[in-house]
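>>> I would like to see how this sequence folds:
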Amino acid sequence: PSAFAALVGLSFSGAIGLTFLMLGCALEYYGVYWPLFVLIFYFICPIPHFIARRVSDDSDAASSACRELAYFFTTGIVVSAFGFPIILARVEAIKWGACGLVLAGNAVIFLTILGFFLVFGRGDDFSWEQW
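The predicted model follows:
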């Protein structure tokens, strides 16, 4: 029951984040779809974590170089996702209001991804690895 509630909450927050992203693109005042390239960052964000979990066999170690490198790459991906709409607004490819909506969507989506790994990444009987 708790995992089901967490899954429903995470899907709801993901929908809210994507709504912010779509509003930043599709509102008639903004009308430019360049910020949709942020979706690429959403998809590649968990990849370093997946690779680090697959490569590092000893999960008992407090810190491993592979896991730290995965954190570094993930941080770079997240910072790039926040920087991309700011650059687009700075070169006037999008309006600043659209940039604000995309940044709000980024915050919600990345917190949703973090919540997913915190809830389902524990490795217990109900984890994301079963899906």
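>>> C-alpha from now on. contacts and neighbour counts both.
OK.
>>> tell me, what residue is most central in the protein?
residue 110 (3.3 Å; CA atoms, centre = their mean).
>>> Spit out the contact partners of that residue.
42, 78 (CA atoms under 8 Å, 6 or more residues apart in numbering).
>>> how about the helix or strand of the chain with the lowest mean pLDDT: buried residues?
Ranked by mean pLDDT, DSSP states H and E, the weakest helix or strand in the chain is helix 47-55, scoring a mean of 87. For helix 47-55, burial by neighbour count (16 or more other CA atoms under 10 Å) applies to 48, 49, 52.
>>> Please work out how many residues are found near residue 14.
Neighbour count for residue 14, taken as other CA atoms under 10 Å: 19.
>>> so what's it up against?
108, 109, 112.
>>> can you list those residues in JSON lines and add distance to residue 73?
Formatted as JSON lines, these follow (distance: CA to CA, whole Å):
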{"residue": "108", "distance to residue 73": "20"}
{"residue": "109", "distance to residue 73": "18"}
{"residue": "112", "distance to residue 73": "18"}
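>>> What is the nearest of these to residue 65?
Within the set of the contacts of residue 14, residue 112 lies nearest residue 65; the separation is 25.8 Å, counting by CA to CA.
>>> Quick check: that closest one vs residue 42, distance?
11 Å (CA to CA, to the nearest Å).
>>> the more surrounded of those two?
residue 112 (20 against 17).
>>> So that one sits against residue 15, correct?
No: applying CA atoms under 8 Å, one finds residue 112 not in contact with residue 15, separated by 9.8 Å.
>>> Now for these two: what residues contact both?
Joint contacts of residue 112 and residue 15 (CA under 8 Å, 6+ apart) do not exist.
>>> coming back round to it: rebuild the buried residues of helix 47-55 as CSV, extending it with distance to residue 81.
Below are these laid out as CSV (distance: CA to CA, whole Å):
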residue, distance to residue 81
48, 15
49, 17
52, 21
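>>> Show me which of the residues you listed is closest to residue 84.
residue 48 (19.9 Å).
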